[in-house]
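Engineer: Provide a 3D model corresponding to the input given below.
(one chain, ligands or ions: 1)
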Amino acid sequence: MIPFQKPSTSNPIHQFPHIFHFPFYILHLTLSIVHFPLSIYLNFHTHTAPHEDEYAQPSAGLHPWHLKEDWPSELAILENRLQENPTLFVGECGLDRLCDTPYDRQQAAFEAQITLSERYERPLVLHCVKSLDDVLRLKHGTRQPWIWHGFRGKPQQLRQLLQHDFYISFGFRHNPESLKACPLNRLFLETDDDPRPIASLYSTVAQLLSITPENLNAQLWKNLHQLR
Ligand SMILES: [Zn+2]
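Structural biologist: This is a model prediction of the structure:
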């Protein structure tokens, strides 16, 4: 994972959230910008400082890979951050059967973050590896939008997620058939921990979908406003 880097402070649209000092591996941090010209590409999820022509949606969460035994104390800090920053989404958080963190600890931390997402009415950015059944069970009855980040699955799994009202965020590594099968109003793009600019992902995806990168960007901004 790539450490969060401080971008140039000379750019007036960059301002840091107060949460910047929190460990980057626990909280996924990005920048807060109030107004967004459409020439700025929306990057839904990144662990690196956005390029100049990007806006990165800020979110904070306890990642299943890095859950310590005393995760409830980190959860309390997370709750403070949500109270301080009304634009912050919850995540990434979720379940991962392939990582070393005990699964019962993952489940407890994930459930606690679902509660925060609902209590503070913030969308939830989901990390899910080999734990779809548990995720669907926990999603049942929630009201906030959930965004499946870094989706690499096949169209069949995509359709299943769409039936459960997920939004889907795709990165550089994705299944092109799934991306083509995803309705435009359910789609996001992200760089995650890839240092490449998101503009190159927009042009790849726009070509795949036979639209212009500008129209694609405008649509994804619309999707973001729908979440809020
Ligand atoms: Zn990530």
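
Engineer: Pull out the buried positions in the helix or strand hosting residue 207.
Structural biologist: If you go by DSSP states H and E, residue 207 is part of helix 198-209. The neighbour-count check on helix 198-209 (16 or more other C-beta atoms under 10 Å) flags 198, 201-202, 204-206, 209 as buried. Every C-beta, even on glycine, is put in place using the N, C-alpha and C of the backbone.

Engineer: Residues in contact with it: which ones?
Structural biologist: 41, 43, 46, 50-51, 53-54, 170-172, 176, 179-180, 184, 189-191, 212-213, 215-217 (C-beta atoms under 8 Å, 6 or more residues apart in numbering).

Engineer: After that helix, which helix or strand is next?
Structural biologist: helix 213-227.

Engineer: where does that next one sit relative to the chain's centre, distance-wise?
Structural biologist: Relative to the centre of its chain, helix 213-227 is centred 15 Å away, using C-alpha atoms, centre = their mean, to the nearest Å.

Engineer: any idea of the mean pLDDT for it?
Structural biologist: Averaging pLDDT along helix 213-227 yields 96.

Engineer: Point out the other helices and strands that the one helix or strand residue 42 maps to packs with.
Structural biologist: In this structure, residue 42 sits in strand 41-43 according to DSSP H and E. The contact analysis (3 or more C-beta pairs under 8 Å, 6 or more residues apart in numbering; DSSP states H and E) places strand 41-43 against strand 54-56, strand 187-189, helix 198-209, helix 213-227.

Engineer: cutoff 7 Å now
Structural biologist: In terms of contacts (3 or more C-beta pairs under 7 Å, 6 or more residues apart in numbering; DSSP states H and E), strand 41-43 is packed against strand 54-56, helix 198-209, helix 213-227.

Engineer: ok, how many other residues are close to residue 130?
Structural biologist: 11 (other C-beta atoms under 10 Å).

Engineer: could you measure it against residue 108, distance?
Structural biologist: Distance, residue 130 to residue 108, using C-beta to C-beta, to the nearest Å: 18 Å.

Engineer: Please apply the same query to residue 98.
Structural biologist: In terms of C-beta to C-beta, residue 98 sits 19 Å off from residue 108.

Engineer: now the helices and strands packed on strand 41-43 as a markdown table including distance to residue 87?
Structural biologist: Shown next, in a markdown table, are these (distance: least, C-beta to C-beta, whole Å):
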| stretch | distance to residue 87 |
| --- | --- |
| strand 54-56 | 11 |
| helix 198-209 | 19 |
| helix 213-227 | 11 |
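
Engineer: For residue 190, give its distance to residue 184.
Structural biologist: Distance of residue 190 to residue 184, computed by C-beta to C-beta: 16 Å.

Engineer: Residue 161 now?
Structural biologist: According to C-beta to C-beta, residue 161 and residue 184 sit 16 Å apart.
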